[in-house]
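Engineer: I'll drop the sequence and a predicted model, then ask my questions.
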Amino acid sequence: MANCDWTPSTVLVTGIGLALCKRLLAENDELHLCLACRNTSKAEAVRAALLASHPAAQVTTVQVDVSNLQSVIGAAKELKQRRVIHIFSTAEGLLTQEDKVTADGLQEVFETNVFGHFILIRELEALLCHSDSPSQLIWTSSKNAKRSNFSLEDFQHSKGQEPYSSSKYATDLLSVALNRNFNQQGLYSSVVCPGLVKTNLTYGILPPFVWTLLMPIIWLLRFFTNSYTMTPYNGAEALVWIFHQKPESLDPLTKYLSVTTGFGNNYVKTQKMDLDEDAAEKFYQKLLELEKQVRDTIHKR
């Protein structure tokens, strides 16, 4: 594993966003990319591929499993030995409608998509919060992040049938709350949606033969709806666009969407998030309460 050696242009990507990394290096191969992933062999393979096409780049890895809080805390300890993070991008996460309880006693989709990243952010606050040198968090949300599938009384979605949708709405709420609590300290948070992208995650939703039947229809639908980005490269459009913006200029209540025309031209579209700041703050306080409970449990182990 290559150790992360922070520079003022460090980008930490959780879950290995290969398309994002390729696009960022294509625009600036002097960036330092740190790939945070549970699968170290996969991370090293991606690192090798990136260095093969951009030999002058700094690409390092750190092992972290966001569905295991001890792994998150251990990774954060390693990262805190370095200096600064400018961009912290969270990946798509766990895309499933099946849920289970983790070793930490939490719902797996909630912990993987929301709480594990929340703990990582909490652990890295000292690195992320510098008013003279802003840091940017970028959350990968979804058009399926629906208010109707989320409840503050059951924010882990242990009783519902839409854990993915609930977790993505939760990331929208968390992003708004982080801006409310940390903007004055130089930490800014944004939410993007990659659109419909063909990845191993999306392929897992339906059997392969169904996708084969659907693909001609999907390509045709691109002329009528711009959310069918299809490729990871297209889906990273909003992430790359945000990378070039001043964090303080972005609207904390807006979701930035990667969209593609029927002829394959990429651009960014904005959408007001269907939430309110009071609900976001209440959710944030519930996460802080859960954090205290979980840390107490970990310390007793």
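Structural biologist: Yep, it's here.

Engineer: Okay, now the unreliable bits of the chain?
Structural biologist: Along the chain, segments meeting pLDDT under 70 span 1-8, 15-16, 82-84, 91-98, 199-206, 211, 300-301.

Engineer: try it again with 50
Structural biologist: The chain contains residues with pLDDT under 50 at 1-3, 6-8.

Engineer: where along it do the helices fall?
Structural biologist: In the chain, the helices defined using DSSP state H lie at 18-27, 40-53, 69-79, 108-110, 116-123, 125-128, 163-182, 200-203, 208-221, 232-235, 237-243, 277-300.

Engineer: Out of these, which is closest to Thr260?
Structural biologist: Taking Cβ to Cβ, helix 232-235 is the member of the helices of the chain nearest to Thr260, at 4.9 Å. Backbone N, C-alpha and C define where each C-beta goes, glycine included.

Engineer: Contacts for the closest one next, please.
Structural biologist: Outside helix 232-235, the residues that touch it by Cβ atoms under 8 Å, 6 or more residues apart in numbering are 17-19, 22-23, 194-195, 197-199, 229, 258, 260, 264, 266.

Engineer: buried stuff in it?
Structural biologist: Residues of helix 232-235 classed as buried by neighbour count (16 or more other Cβ atoms under 10 Å): 232-235.

Engineer: so which of these comes closest to Tyr169?
Structural biologist: If you rank these by distance to Tyr169 using Cβ to Cβ, Gly235 comes first, at 19.5 Å.

Engineer: That closest one and Leu50, how far apart?
Structural biologist: 18 Å (Cβ to Cβ, to the nearest Å).

Engineer: So which residues make contact with stretch 37-52?
Structural biologist: Residues contacting stretch 37-52 (Cβ under 8 Å, 6+ apart): 1-2, 14-16, 18, 21-22, 25, 33, 35, 57, 59-61, 63-67, 71.

Engineer: ChimeraX command for the buried members of the residues you listed?
Structural biologist: Buried residues among the contacts of stretch 37-52 (16+ other Cβ under 10 Å), as a ChimeraX selection:
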select :14,15,16,18,21,22,25,33,35,57,59,60,61,63,64,65,66,67,71
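
Engineer: Go ahead and flag the most central residue of this structure.
Structural biologist: For the chain, the residue sitting closest to the mean C-alpha position, by Cα atoms, centre = their mean, is Thr90 at 2.1 Å.

Engineer: Next up, the contacts around that one.
Structural biologist: 14-15, 117, 137-140, 171.

Engineer: could you dump these to CSV with distance to Leu250?
Structural biologist: Below are the contacts of Thr90 laid out as CSV (distance: Cβ to Cβ, whole Å):
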residue, distance to Leu250
Thr14, 20
Gly15, 22
His117, 19
Leu137, 11
Ile138, 10
Trp139, 12
Thr140, 16
Thr171, 16
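
Engineer: Was I right to think Tyr228 contacts Arg222?
Structural biologist: Yes - assessed by Cβ atoms under 8 Å, Tyr228 is found in contact with Arg222 at 4.5 Å.
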